[in-house]
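Engineer: okay, predicted coordinates and the sequence, questions at the end:
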Amino acid sequence: MSEETARKALDEEGRIISLYEAADILGASYPTAMRLAKSGELKAFRIRKTWRTSESACREFVRSQLEIQALACKSI
């Protein structure tokens, strides 16, 4: 991956944050954020033993959950 491609991808994803910060953004506990990352529900990656995600991944997760809940409410 070229440096320009990497920079463009980083700009699209926004700031890279720890799962502790992600948990705070999501209003969840750290174990919940970890479970979401490990299951693939929250886009995340590991750097050695530390998990990281992005602010935009958190926003995307919240948006998808709101859509799921909206559909569930409409079907009631």
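Structural biologist: Sure thing, it's come through.

Engineer: next helix or strand past the helix or strand of the chain with the lowest mean pLDDT?
Structural biologist: Here the helix or strand of the chain ranked lowest by mean pLDDT, DSSP states H and E is helix 3-13, holding a mean of 62. Remark: after helix 3-13, the chain's next helix or strand is strand 16-18, criterion DSSP states H and E.

Engineer: tell me the helix or strand right after that next one.
Structural biologist: Next along from strand 16-18, by DSSP H and E: helix 19-26.

Engineer: other residues contacting that next one?
Structural biologist: 17, 29-30, 32-34, 36-37, 42, 44, 51-53, 55, 57-58, 61-62 (C-beta atoms under 8 Å, 6 or more residues apart in numbering). Quick note: C-beta positions are derived from backbone N, CA and C, even for glycine.

Engineer: just give me the longest strand of the chain.
Structural biologist: strand 50-54 (DSSP state E).

Engineer: alright, I will stop here.
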